[in-house]
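>>> generate a structure from the sequence data that follows.
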Amino acid sequence: MILSIESSCDDSAIAITEIETKKLLFHKKISQELEHSIYGGVVPELAARLHAEALPKILEQVEPYFEQLKAVAVTSTPGLAVTLVEGVTMAKAISIALNIPLIAVNHLVGHIYSLFIEKEAEFPLTVLLVSGGHTQVMQVKSLHNIETVAKSMDDSFGESFDKVAKMMNLGYPGGPIIEQMAKDGDRTRYNFTIPLSQSPLIAFSYSGLKNAVRVALESAGEDDYKDIAASFEHIATMHIVQKLKKYFKTTSPKTFAIVGGASANLYLRDEIKKLLKPHNAKLLLSEFKYCSDNAAMIGRVALEMYEKKMFTPLEKLSTSAKSSI
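Below you'll find the predicted structure:
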């Protein structure tokens, strides 16, 4: 079995995955949303302290599996440096205590493999990763062959939802709140401009749209919030659809996937389904419980890395706040 640890942001999670069957035997996640909500976003130092409390509590529950562990995997990049180190420190301690190898996992690759928890991996595929920290399109041929073909130049899709919710004093995380509010709103009332609509670049940008929402809020009342939320969600999604449509003119997808925390957004899912229909492309989606950060997806990547003996020497395992694939 492989024990996997995730602490890249504000979710403390540990999983146990059986190597031969890929079966997820244990998975527990402790969210910090309540503690961070009063600040309107994640406070890194607070997150690190909460990880230091939560991870040992979860680890106690998996002690019965220790004798059967063949490796310990941990998210090492990207993420918040002060929170990543909590998971990495625990992984190193387990590696030393049980004399088992370490596997350092890229968090973004983890999101790709969230599609294949308890399943065989299916490649090649085109992947849209949308989360609080990233918005990018990747061509994935294998674990070793991942090419990023488009990414955000500033804010991410998920981050923009959180920031719009913060402007409205709606709490954190903002994505689910804005999505719920948008269901009752008029998506056409506020004619926000689709970012980069006149640019030939295959790239994303949400800073301008976020600013347009801020301006609209200056003269709006709370009764207008649902229309602003709906109009914002519509334009934020159309931005992705427009850029994908441009990209598909040169690279028609056969299998397409949406991953990351914001991939749980139903409006985005529906619009991507419409976009893929003329291409007869297959759409892969993670189960809702595996869209956000979790240790099960880290464990799923670790299965592939274990098979290929992709271990990280103890002295070389470090953390990085930024990483690209």
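
>>> strands of the stretch 51-200 of the chain, start to end?
In the stretch 51-200 of the chain, the strands defined using DSSP state E, counting those that start in this stretch lie at 71-77, 102-106, 125-130, 135-140, 146-151.

>>> deepest of these, which one?
Comparing the strands of the stretch 51-200 of the chain by mean neighbour count (mean count of other Cβ atoms under 10 Å), strand 71-77 ranks first with a mean of 27. Heads up, the C-betas are built off the backbone N, CA and C, glycines and all.

>>> which residues sit against it?
The contact list for strand 71-77, computed with Cβ atoms under 8 Å, 6 or more residues apart in numbering, reads 2-8, 84, 87-88, 90-91, 94-95, 98, 100-107, 110, 298-299, 301-302, 305-306, 311-312, 317-323.

>>> for the closest residue to residue 281 other than its chain neighbours, give its distance to residue 246.
Sequence neighbours aside, residue 253 is the residue nearest to residue 281 in space, at 4.4 Å (criterion: Cβ to Cβ, 6 or more residues apart in numbering). Applying Cβ to Cβ, to the nearest Å, the value for residue 253 to residue 246 is 13 Å.

>>> neighbour count winner among these two?
Using other Cβ atoms under 10 Å as the criterion, residue 253 and residue 246 rank with residue 253 on top: 21 against 15.

>>> domain ranges for this structure?
Residue ranges for the domains of the chain, per automatic domain parsing: 2-116+292-316, 125-285.

>>> adding mean pLDDT, write those domains out as CSV.
Formatted as CSV, the domains of the chain follow (pLDDT from 0 to 100):
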stretch, mean pLDDT
domain 2-116+292-316, 96
domain 125-285, 96
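
>>> re earlier: which one of the strands of the stretch 51-200 of the chain lies closest to residue 230?
Nearest of those to residue 230, taken as Cβ to Cβ: strand 125-130 at 18.4 Å.

>>> which one in this protein is furthest away from the centre?
Here the chain reaches farthest from its C-alpha mean at residue 219, the gap being 33.6 Å by Cα atoms, centre = their mean.

>>> pick the most deeply packed of the domains of the chain.
Comparing the domains of the chain by mean neighbour count (mean count of other Cβ under 10 Å), domain 2-116+292-316 comes out on top with a mean of 20.

>>> span of that one from start to end?
End-to-end distance for domain 2-116+292-316: 20 Å, by Cα to Cα, to the nearest Å.

>>> run the chain-centre distance for that domain.
Distance of domain 2-116+292-316 from its chain centroid, counting by Cα atoms, centre = their mean, to the nearest Å, is 14 Å.

>>> residue ranges of the helices in the stretch 51-200 of the chain, please?
For the stretch 51-200 of the chain, the helices defined by DSSP state H, counting those that start in this stretch occupy 81-98, 107-113, 157-167, 174-182.

>>> out of these, nearest to residue 287?
Of all those, helix 107-113 sits nearest to residue 287, with 12.8 Å by Cβ to Cβ.

>>> identify the residues contacting that closest one?
Helix 107-113 is contacted by residues 6, 8, 75, 77-79, 121, 127, 129, 131, 134, 138, 140, 143, 146, 257, 259-260, 286, 293, 297-298, 300-301, 304, 323, 325 when judged by Cβ under 8 Å, 6+ apart.

>>> give me the residue at the spatial middle of the protein.
residue 260 (3.0 Å).

>>> and that one, how far from residue 224?
From residue 260 to residue 224 the distance is 29 Å (Cβ to Cβ).
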